[in-house]
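Colleague: Mind looking at a prediction? Sequence and model below.
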Amino acid sequence: MNSPALFIQENKEVQTNLLSGAEAVLKCLLEEGVETIFGYPGGAIMPIYDQLFQYQDRLKHILVRHEQGAAHAAQGFARVSGKTGVCFATSGPGATNLITGIADAMIDSTPIVCITGQVYSPLLGTDAFQETDVVGISMPVTKWNYQVTRAEEIPFALARAFYIANTGRPGPVLIDITKDAQFESFHFSYEKCVRIRSYQPYPQLDESKSDEAADLINNSKKPFFLVGQGVILSQAKKELIELAEKADIPMAATLLGLSAVPTDHPLYVGYLGMHGNYAPNLLTNECDVLIAVGMRFDDRVTGDLERYAKQAKVIHIDIDPSEIDKNVKTDVALVSDAKVALKSLIRKVNRNEHTSWLSEFQKLKAIENETLGGSIDGRLKMGEVIRELSAQTNGEAIIVTDVGQHQMVTSQHYQFKNPRQHVTSGGLGTMGFALPASIGARMGQEEKEVIAIIGDGGFQMTIQELGTISQCGIHVKILVLNNHFLGMVRQWQELFFDGRYASTEMVNPDFQLIIKGYGIKSMKVTSREELNSKMKEFLNHKGSIMLEAEVEKEENVFPMVPAGASVSEIRLK
Amino acid sequence: MMEKQFTLSVLTEDRAGLINHVTIIFARRKMNVESLNVSTSEVKGMSRFTIVITTTREKIDKVCGQIRKLVDVLGAFVYEEDEIFYQEIALYKVPTKVFLNGQNIESLVRNNGARILVVEEDHIIIEKTGHKQDTHDLYKKLAPFGLLEFIRSGRVAISKSKRRTEAYIKELEESESNSLSIKDY
């Protein structure tokens, strides 16, 4: 304790540290290196917004048009930058509107911190105006959440929030702050969180397990790498490629693993899963050692688990111990950061060649190309639009996709070059993700062009974010593949429900007029002949712009592993 | 796979809302918890959950992994019956007049390892500690006397393991798993 004399002497300094809870929130964000916030104000978070007015020079706030947009924008920001995305929302409906984005971030392991205002603490539990139990509601979809009712808890809560969100397997954190805690003054000091005894985000690699894994790989004739987002999160591209090249192992990527390995790498054999490539799906059931890195054997990747890679020894590298044996029984588990595990394996794995095994991929790739390639006639196809985009951007743009056919087509055709270049809603499959996420992706980095690729259905789920793009002058390019259908559902109806198109046909507004209303430039392409020139014009435009491609109305996406089928039953038509 | 009764012992930080965190993990999988006990533990600021559930080994291991993953959970351990000592407590309320009518309820209580807790004008309360079967047996024996109320607690269990909680916590506190260190091989 300070003596009274000392206290008087230090009084000035003490006074400067006396902050309101609201200001403390902003100070904490600055301490964590935050520069951008996506949010929407409202009653219970007004004290924080009031302080934000004073911090405008240091904290940039992007006013979205719907809180779901704030969460997705924070995700887009996090996915391209690797930093934690931050969003603000008010209590009640503001908070509940965040939930879809939070759930999306949870299932796709994206680090975001959501700060919600809450009613005055004496009103908690009284059904006060705009009161909702957001801590309760968000519990199953957050990595951690906490309700602050006293200002002095704010530094503790936010320090933990940032530590938890972006360590180990990343995920969303929600901090709910009552309005009285925002008003209350306290002596502010901040200390970053570096340890929580009940949270062990980086399990130490067991070297004996990595010996076992190396043994399996060294004795394997047909090894096969499955590459997930974990490779991107742990920045292990170099290590993965080094190991794959040393032991001559083909690599295939999951949806979220796309861009972890350059698409044109000689050992890269394609995209996995329901609409993945022919060879990697079929040969999953031919390999003898399956090495899964930072992926979670989602059902869209595995198809029927009873008929999935039963012939193979499975090595699973994952930082999250609860993923081991969750879906696929593992022979050797390396519970560790992917980079650490791969580095260890590089040392232990022998140089090798698997020429005939690799040629099996080539043979099947030729069959896929022959069946699905061929001459294209009639209306524009989604694939050719994406191939044109890929060629003209040299595979270097940041691609943000929504959910549906256009997403799968993009995954199949865009030639990714670098990690963190592909942003999509994978696990949750959230339509409406792309437009707001592209805003975040633009704010998260400035060097690369950001292109949101969206279907006509998903576009209309968060179309209001055009207002955000327009007001904040955010440069994103929007490519809408318009087939006037909820295409993926229509495809299932055609293939599995005898063509009964229940509520999948869309009578759309004139997107050109809507875009015009937001003051954003718009273009339309309807024919193959003008695709090249229109795409060029679209990409050369400085500033935000939309290109609407009128594509074939009833095109199906192939290859396809029907739901519940084995990966061996992949269909080319 | 065969279903079995498992006892899950979960060590957590003592924090509001954590019961909800733990129980929704079962609810999400539509697993019915047979009993749940939460109490303070021998370490300050730490709680211990004892959860009893009948399911398969595979399911309980997965659920345990999910519980262990919760940020405020220090540890979660799955036990089968022979790996723990456990007890439940049951309370029985019977009318006092039965007792006064010369029925041999007093010897019944004594012979069943139970004890009389309270004698009131209109009722007496009997306590019995044991496994579910034991407390159930006494329930059956007391029922003919006009049982007014019966209640049984959740299971509390202590593992036979030699692990010391304090040492385990110390290990966690000193673990290197809090931050990433990329080994340079």
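Modeller: Alright, I've got the coordinates.
Colleague: tell me which element the residue in chain B that chain A sits nearest to is part of?
Modeller: Proximity of chain B to chain A (C-beta to the nearest C-beta) peaks at B:Gly65, 3.5 Å away. Where C-beta positions appear, they are placed from N, C-alpha and C, glycine not excepted. Assigned by DSSP states H and E, B:Gly65 falls within helix B:57-69.
Colleague: Domain map for chain B?
Modeller: Split into domains by automatic domain parsing, chain B comes to B:3-79, B:87-155.
Colleague: What mean pLDDT does the last one get?
Modeller: On average, the pLDDT along domain B:87-155 is 91.
Colleague: can you check the longest one too?
Modeller: Across domain B:3-79, pLDDT averages out at 95.
Colleague: Please state the offset of that domain from the chain centre?
Modeller: Chain-centre distance of domain B:3-79: 11 Å, with C-alpha atoms, centre = their mean, to the nearest Å.
Colleague: Ok, the shortest one next?
Modeller: Domain B:87-155 sits 21 Å away from the centroid of its parent chain (C-alpha atoms, centre = their mean).
Colleague: Start and end of that domain, how far apart?
Modeller: 6 Å (C-alpha to C-alpha, to the nearest Å).
Colleague: nearest to B:Arg163, of the domains of chain B?
Modeller: Comparison of the domains of chain B against B:Arg163 by C-beta to C-beta identifies domain B:3-79 as nearest, at 8.9 Å.
Colleague: which parts of chain A sit against chain B?
Modeller: A:135-136, A:139-140, A:143-144, A:147, A:164, A:167, A:194-205, A:320-322, A:324-326, A:337, A:339-340, A:343-344, A:346-347 (C-beta under 8 Å from any C-beta of the partner chain).
Colleague: Produce a PyMOL select command limited to the buried residues of those residues.
Modeller: PyMOL command restricting the residues of chain A next to chain B to the buried ones, with burial defined by 16 or more other C-beta atoms under 10 Å in any protein chain shown:
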select buried, chain A and resi 135+139+143+144+147+164+167+196+198+199+200+201+202+203+205+320+321+322+324+325+326+337+339+340+343+344+346
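Colleague: Strands of chain B, start to end?
Modeller: Ranges of strands in chain B, per DSSP state E, are B:3-13, B:35-40, B:46-56, B:73-79, B:84-95, B:115-119, B:123-130, B:149-152, B:156-159.
Colleague: So which residues make contact with the second one?
Modeller: When contacts are taken as C-beta atoms under 8 Å, 6 or more residues apart in numbering or on different chains, the neighbours of strand B:35-40 outside the stretch itself are B:14, B:19, B:23, B:46-52, B:88, B:153-156.
Colleague: and that strand, C-alpha only, in CSV?
Modeller: What follows is strand B:35-40, C-alpha atoms only, in CSV (Å, rounded to 0.1, in the frame of the first residue of the first chain):
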residue,chain,number,x,y,z
SER,B,35,-26.5,-38.1,-11.8
LEU,B,36,-24.4,-35.0,-11.4
ASN,B,37,-22.7,-33.8,-8.3
VAL,B,38,-20.7,-30.5,-8.1
SER,B,39,-18.8,-29.6,-5.0
THR,B,40,-15.7,-27.7,-3.9
